[in-house]
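1. when you get a sec, could you give me coordinates for this:
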Amino acid sequence: MKDYIEERAVEIAHYIINSNATVRQTAKKFGISKSTVHKDITDRVAKIDAELARSVRQVLEVNKAERHIRGGMATREKYLHEHLREQGK
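-> Below is the predicted model of the structure:
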């Protein structure tokens, strides 16, 4: 594996742990695809540092468990903005 890929994978892992970021947020921050983030976390980091991989996995499991809540909040915000826009007309 190329050194820069290993470095990126470790940097991504630390970013997710420190900021509790989602895969989507991480992909946007680093300018890479969600698939690349997922590959870095599940495959590459596990080969480099097993303990770091476990820590990242814990954060991602929490994010996964909470995603339905974030989705509901986003939908609520969408409809609140639409409602406010309609009242302004």
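
2. what about the residue lying closest to S19 once chain neighbours are set aside, how many residues nearby?
-> Excluding its sequence neighbours, the residue lying closest to S19 (CB to CB, 6 or more residues apart in numbering) is Q25, at 7.8 Å. From N, CA and C alone the C-beta is placed, and that goes for glycine too. Burial measure for Q25: 16 neighbouring residues, criterion other CB atoms under 10 Å.

3. and if you look at V45?
-> If we define neighbours as other CB under 10 Å, then V45 has 25 of them.

4. try T42
-> T42: 13 neighbours (other CB under 10 Å).

5. then K39?
-> Neighbours of K39 using other CB under 10 Å come to 15.

6. which residues sit against the strand or helix carrying it?
-> Using DSSP states H and E, K39 sits within helix 34-39. Where contact means CB atoms under 8 Å, 6 or more residues apart in numbering, the residues beyond helix 34-39 that reach it are I12, V23, R24, T26, A27, F30.

7. just the closest of the residues you listed to L52, please.
-> Distances from L52 to the contacts of helix 34-39, taken as CB to CB, are shortest for I12 (10.4 Å).

8. distance of the closest one relative to G72?
-> According to CB to CB, to the nearest Å, I12 stands 27 Å off from G72.

9. quick one: which of the two has more around it?
-> I12 (24 against 10).

10. for the more buried one, list the residues it contacts.
-> So I12 contacts T26, F30, V37, D40, I41, V45 (CB under 8 Å, 6+ apart).

11. send the alpha carbons of the helix or strand hosting it over as CSV?
-> Element membership of I12, judged by DSSP H and E, is helix 3-19. What follows is helix 3-19, C-alpha atoms only, in CSV (Å, rounded to 0.1, in the frame of the first residue of the first chain):
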residue,chain,number,x,y,z
ASP,A,3,2.4,5.6,2.1
TYR,A,4,0.1,8.5,1.3
ILE,A,5,-2.9,6.2,1.4
GLU,A,6,-1.9,4.8,4.7
GLU,A,7,-1.4,8.3,6.1
ARG,A,8,-4.8,9.4,4.7
ALA,A,9,-6.5,6.4,6.3
VAL,A,10,-5.0,7.1,9.7
GLU,A,11,-5.8,10.8,9.3
ILE,A,12,-9.4,10.0,8.4
ALA,A,13,-9.7,7.7,11.4
HIS,A,14,-8.5,10.4,13.8
TYR,A,15,-10.8,12.9,12.3
ILE,A,16,-13.8,10.7,12.7
ILE,A,17,-12.9,9.9,16.3
ASN,A,18,-12.2,13.5,17.3
SER,A,19,-15.2,15.1,15.6
